[in-house]
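[1] Provide a 3D model corresponding to the input given below.
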Amino acid sequence: MNRRVLLGLGAIAVLAAAVVLYLKLRSGGDDATATPAGTRSDPVVQEGSAPSPRAAPPIVADPKRPSAPVVSSTPREPGSASEPVDDYTVGGVRIRDHRAGEHARVDLPPNIHAPDSRRVTPNLTADLSAKLQAVMHECAANVPREARGEKPRLEGTIFIAIKDHVARVTEAAMQLRDVVGAAVDPTKQCIEQKAVGLTASAPEEADLDRYSISITFALL
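    Below you'll find the model as predicted:
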């Protein structure tokens, strides 16, 4: 084989080696350009974790929106809820009148019983009412006709105690309505005095220290 042939074969071999090297380098360059996992610049959120909290932006008041009401200890104007109430006691019961304006005070002890409290039998109330009505007619016998209005009446509150099945009136507060003149006070006092001490049988009642009953009788 002559020298020229050998040089030609050598050149072909070098060229082939260069092409192979070029192809290998090109393939390896493509792989190198891929970003390895875990090296990206974006944040990675793992399951069960959360991104780092960002600082909350400051709250800026909107001048167009009304502000919240401000609680102040400054006394309110007259007529408000802070206006003094009429606080007084009648028959041992405290009364606080919140109504605005001028109103007549309650002049009889309120007859107050809680919904689940004890009640006396209607028969006992009827017996005591009959005896009180008799006392009223006796004491009001001297009230002149001209002192009585269109609807004269007696209103009152009595307190009773029950002991050994006997009910006894222990306190009495009375007021004459639609009656005028000098006879009002003596008649009222007469009824109150004669009412205290009245008794009635209470066979169905257990002992009781204090119980209130309201009465209203027409004064004919």
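[2] packing partners for the top strand by length along the chain?
    For the chain, the strand with the greatest residue count under DSSP state E is strand 148-163. Helices and strands touching strand 148-163, by 3 or more Cβ pairs under 8 Å, 6 or more residues apart in numbering; DSSP states H and E, are helix 122-139, strand 166-179, helix 184-195, strand 208-218. (C-beta placed from N, C-alpha, C; glycine too.)
[3] Extract the residue ranges of this protein that are flagged as low pLDDT.
    1-11, 13-83 (pLDDT under 70).
[4] before we move on, the earlier item: what lines up beside the longest strand of the chain in the sheet?
    strand 166-179 (antiparallel), strand 208-218 (antiparallel) (DSSP bridges).
[5] And the ones you listed: which comes nearest Ile191?
    Closest to Ile191 of those is strand 166-179 (Cβ to Cβ; 4.8 Å).
[6] quick one on the thing from earlier: out of the strands paired with strand 148-163, which one sits most buried?
    Per residue and on average, the most neighbours among those fall to strand 166-179, with a mean of 18 (mean count of other Cβ atoms under 10 Å).
[7] sorry, back to before: so which of the strands paired with strand 148-163 is nearest Asp127?
    strand 166-179 (8.2 Å).
[8] related to what we said a few turns ago, I'd like the helices and strands packed on strand 148-163 as a markdown table, with distance to Ala147 appended.
    Converted to a markdown table, those look like this (distance: least, Cβ to Cβ, whole Å):
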| stretch | distance to Ala147 |
| --- | --- |
| helix 122-139 | 14 |
| strand 166-179 | 6 |
| helix 184-195 | 8 |
| strand 208-218 | 15 |
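[9] who wins for proximity to Ala100 among these?
    Judging these by Cβ to Cβ, what sits closest to Ala100 is strand 166-179, at 25.0 Å.
[10] Quick one: work out the angle between the closest one and helix 184-195.
    Angle between the axes of strand 166-179 and helix 184-195 is 170 degrees (criterion: axes from the mean of the first three to the mean of the last three Cα atoms, to 10 degrees).
[11] Would you mind giving the strands paired with strand 148-163 as CSV with distance to Gln189 added?
    Below are the strands paired with strand 148-163 laid out as CSV (distance: least, Cβ to Cβ, whole Å):
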stretch, distance to Gln189
strand 166-179, 8
strand 208-218, 16
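[12] mind checking which of those strands is nearest Pro115?
    strand 208-218 (15.3 Å).
[13] then the closest one to PDB, C-alphas only?
    Extracted C-alpha coordinates of strand 208-218, given in PDB (Å, rounded to 0.1, in the frame of the first residue of the first chain):
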ATOM      1  CA  LEU A 208     -96.700  30.600 106.200                       C
ATOM      2  CA  ASP A 209     -94.900  33.600 107.600                       C
ATOM      3  CA  ARG A 210     -96.000  36.400 105.200                       C
ATOM      4  CA  TYR A 211     -98.300  36.500 102.100                       C
ATOM      5  CA  SER A 212     -99.800  39.500 100.300                       C
ATOM      6  CA  ILE A 213    -103.300  39.800  99.000                       C
ATOM      7  CA  SER A 214    -104.700  42.700  97.000                       C
ATOM      8  CA  ILE A 215    -108.300  43.900  97.400                       C
ATOM      9  CA  THR A 216    -110.600  46.200  95.500                       C
ATOM     10  CA  PHE A 217    -114.200  47.000  96.700                       C
ATOM     11  CA  ALA A 218    -116.700  49.400  95.400                       C
END
